[in-house]
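J.: what's the 3D shape of this:
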Amino acid sequence: MIRRSNVTNRSTNESTNANGVGGTTMTRPSKIKKTIEAKKQKVSGEKVNNCIMLLFVVFIFFITSRSHLPQQQNDNKHNHPNSFVRVPSVVLYNSMSNNARALRGSLPRIYEDEKDTVGLNQLLLNTQDPPDESTCQPMHEWQTQNFPQCIRMHEVDMMPRPDSLIFINCGGDRCAWLLLDSDGTKITLKTRKYRKDFTKGFYDAAAKDGLVMERLTKSPYVAGTYGYCGLSQLVEYSEGGNLHDLIKTSRMHDQDPQTPIDRLKVGIQVATAVADLHSFEEDGIPSITHNDLCCHQFILVDGIYKLNDFHLGQFLHKDKNTNQVCQSRTNYNPRYTLLRAPEEQTRQNVVVEKADDFMMGNVMYYVLAKKWLFEIPGYSAARAVRHLHRGERSPFPDHILNSKDPADIAFMKGIEMSWTHEVEKRPSAREISDYLIAELEKIEGKKYSGGAIRASIAPLPEGYRYSDSDYEDNFDRED
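T.: Residues are numbered from 1 along each chain as shown. So this is what the prediction gives:
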């Protein structure tokens, strides 16, 4: 009887509470029932959200699929050879930073209007720098042209394999990959970092880089190119890294494995590469400058450190009235002011090829001294810039300064020639190259009448890690 009565009372209390009458406390079974109903509602809401996300994915797939459909109508006004094939809609990223965070949080713009499409003339052929004055014009017709080799790029097998499409390293904007061509030749594929913007300015810079390398194929001191398309490029493969890697390994082991003669030969390679860049035209008048000379821009190929990476280069112009080369202003990151010629700090128009000649001296200094500029205890980068502007130069280490070796003496002289403070008195890269070669011929007692001068370079240590932190830290020094 007692158990039956308890059951009856429990049922009555549940009924009363369910109707909201009596004010009694809700019993345990009612709480369980409410919890179950809440979980059902939560699961139902998650299903709705999943359905919405699925519909969103299907919508994006539908839109992007339309952008790859073949053109249905033969509209002659869109068949110009320098225009992209017109499609019903084109999904473009409108200069959006293409890192994963931005892609997750943003949607691409969909362009439907004819004026929003980009033609090859706009994208690839506008490689000349705008003249500083209205009277300035390109020195040569080729400065306004470009020759992309997209078919060549598409012929290369880029399928990942154990021996091909191997990641090498990344720089500031691009990454390098090892590829094997159809005949087994090792080549380097350079691609733009995925998180970087893909804007017209970068396409113009890539077109300029490809054009300069095409112009300089005859120089053994400039990296060879196999073609480029858009922002990707195929160039010679470097088996020993760049000059920074040579300097870094010496600094890591606190000794220089190079002989004075080999150091001088590398200095000749640097100077001759810049000289070839400045004077490859028949008249010998500079028409291109590099504008970003540093140890990272010289890659090792078969005993030669070859110059590459001309993205920041400048095409020089001439005054149509006087036929003189126009001066122009160089653009650079203020973080790296220490690397620039003193006259560039004024931010005024300068003789840009002379600025190249000065920066070339910095690279040769690294090779000889195995030290960075003004690497002196207590010297901040800002203090070093002030001393540079006053005409002072980074000191040579004592063992170099006191060396009696004729190769070291000649190399120091070549660097000092590059660092001449007065612009009008600063020798050209060709004059410095000729001087160094003549000194090498005196030392070795033979003539270098043709071909490239090669140096003996030790291979990089096993497990060597490519990094630039030791170089970049030089610009973060404080007093």
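
J.: Now do the residue most central in space within the chain, the pLDDT please.
T.: Geometric centre of the chain, nearest residue: Asp173, 3.4 Å, by Cα atoms, centre = their mean. With respect to pLDDT, Asp173 has a value of 78.

J.: Now do it against Ile52, distance only.
T.: For Asp173, the distance to Ile52 (Cβ to Cβ, to the nearest Å) stands at 38 Å. Glycine gets a C-beta too; all of them are placed from N, C-alpha and C.

J.: again, but for Leu246
T.: Going from Leu246 to Ile52 by Cβ to Cβ gives 57 Å.

J.: With Ile288 instead?
T.: Computed as Cβ to Cβ, the Ile288 to Ile52 distance reads 55 Å.

J.: between the two, which one's more packed in?
T.: Counted by other Cβ atoms under 10 Å, Ile288 and Ile52 do not tie: Ile288 has more neighbours, with 26 against 10.

J.: for the more buried one, which residues make a bridge with it?
T.: Beta-bridge partners of Ile288, counted by DSSP bridges, are Phe315.

J.: Tell me which stretches of this structure form strands.
T.: Per DSSP state E, the chain carries strands over the ranges 90-92, 109-111, 136-138, 166-170, 174-180, 186-192, 225-229, 232-236, 288-289, 298-301, 304-307, 314-315, 317-319.

J.: Using CSV, lay out those together with distance to Leu388.
T.: Supplementary listing: those in CSV, determined by distance: least, Cβ to Cβ, whole Å:
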stretch, distance to Leu388
strand 90-92, 44
strand 109-111, 46
strand 136-138, 30
strand 166-170, 30
strand 174-180, 30
strand 186-192, 32
strand 225-229, 34
strand 232-236, 33
strand 288-289, 20
strand 298-301, 22
strand 304-307, 24
strand 314-315, 22
strand 317-319, 28
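
J.: Looking at those, which is nearest to Pro377?
T.: Of all these, strand 298-301 sits nearest to Pro377, with 28.6 Å by Cβ to Cβ.

J.: which other residues reach the closest one?
T.: By Cβ atoms under 8 Å, 6 or more residues apart in numbering, the surrounding residues in contact with strand 298-301 are 223, 236-243, 246, 269-270, 273, 305-308, 363, 457.

J.: Just the buried ones from those?
T.: Buried members of the contacts of strand 298-301, scored by 16 or more other Cβ atoms under 10 Å, are 223, 236-238, 240-243, 246, 269-270, 273, 305-308, 363, 457.

J.: pretty sure Val235 contacts Thr217?
T.: No. Assessed by Cβ atoms under 8 Å, Val235 is found out of contact with Thr217, at 11.5 Å.

J.: Looking at these two, which is more packed in?
T.: More crowded of Val235 and Thr217, by other Cβ under 10 Å: Val235, with 24 against 12.

J.: what's the spacing between the more buried one and Phe475?
T.: From Val235 across to Phe475, the span is 27 Å (Cβ to Cβ).

J.: so where's the chain shaky on pLDDT?
T.: For the chain, the stretches flagged by pLDDT under 70 are 1-50, 56-134, 479.

J.: what ranges do the helices span in it?
T.: With helices called from DSSP state H, the chain shows them at 2-19, 28-66, 100-105, 120-124, 150-155, 200-215, 243-252, 260-278, 352-369, 381-389, 398-401, 406-418, 429-444, 469-472.

J.: For Lys364, give me its contacts.
T.: Residue 364: Met, not Lys. Listed by Cβ under 8 Å, 6+ apart, the contact set of Met364 reads Gly267, Val270, Ala271, Phe411, Gly414, Ile415, Ser418.

J.: Rebuild the residues you listed as JSON lines, extending it with distance to Leu388.
T.: Below are the contacts of Met364 laid out as JSON lines (distance: Cβ to Cβ, whole Å):
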{"residue": "Gly267", "distance to Leu388": "21"}
{"residue": "Val270", "distance to Leu388": "20"}
{"residue": "Ala271", "distance to Leu388": "21"}
{"residue": "Phe411", "distance to Leu388": "20"}
{"residue": "Gly414", "distance to Leu388": "19"}
{"residue": "Ile415", "distance to Leu388": "14"}
{"residue": "Ser418", "distance to Leu388": "13"}
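
J.: quick check, nearest of those to Arg152?
T.: Val270 (29.6 Å).

J.: wait, doesn't that closest one sit right on Lys306?
T.: No. The pair Val270 / Lys306 is not scored as a contact, 10.0 Å apart, by Cβ under 8 Å.

J.: Ala458 and Thr259 touch, don't they?
T.: No. At 10.9 Å, Ala458 does not count as touching Thr259 under the criterion of Cβ under 8 Å.

J.: Without its sequence neighbours, what residue ends up closest to Leu178?
T.: Ile166 (4.3 Å; Cβ to Cβ, 6 or more residues apart in numbering).

J.: Around the one you found, count how many other residues there are.
T.: Ile166 has 14 nearby residues by other Cβ under 10 Å.

J.: ok, now how distant is it from Cys175?
T.: 12 Å.

J.: ditto for Ala384
T.: Per Cβ to Cβ, Ala384 is found 31 Å from Cys175.

J.: So between those two, which is more surrounded?
T.: Neighbour count, other Cβ under 10 Å: between Ala384 and Cys175, Ala384 has more, with 22 against 15.

J.: The nearest residue to the more buried one once chain neighbours are set aside and His389, how far apart?
T.: Spatial nearest neighbour of Ala384, chain neighbours left out: Phe374 (3.6 Å); criterion: Cβ to Cβ, 6+ apart. Note on Phe374: its distance to His389, by Cβ to Cβ, is 12 Å.

J.: Tell me which of the two has more neighbours.
T.: Phe374 (20 against 14).

J.: OK, contacts around the more buried one?
T.: The contact partners of Phe374, taken as Cβ under 8 Å, 6+ apart, are Leu338, Ala381, Arg383, Ala384, His387, Leu388, Ser394.

J.: Report the contact partners of Arg426.
T.: Arg426 sits next to Lys354, Asp357, Phe358, Met417, Ser418, Thr420 when contact means Cβ under 8 Å, 6+ apart.

J.: Swap in 6 Å and give it another go.
T.: Residues in contact with Arg426 (Cβ atoms under 6 Å, 6 or more residues apart in numbering) are Lys354, Asp357, Thr420.

J.: And for Thr330?
T.: Residues in contact with Thr330 (Cβ under 6 Å, 6+ apart) are Asn291, Glu344, Val352, Ala355.

J.: residues in contact with the second one?
T.: In this case it means Glu344. Listed by Cβ under 6 Å, 6+ apart, the contact set of Glu344 reads Thr330, Val350, Ala355.

J.: Show the contacting residues for the last one.
T.: Contacts for Ala355 were tallied using Cβ under 6 Å, 6+ apart; they are Thr330, Ala341, Glu344.

J.: So the second one sits against Phe358, correct?
T.: Yes. Ala341 sits in contact with Phe358 when judged by Cβ atoms under 6 Å, with a separation of 3.7 Å.

J.: tally of neighbours for Val325?
T.: Using other Cβ under 10 Å, Val325 has 18 neighbouring residues.

J.: Please tell me how far it sits from Lys318.
T.: Val325 sits 6 Å away from Lys318, going by Cβ to Cβ.
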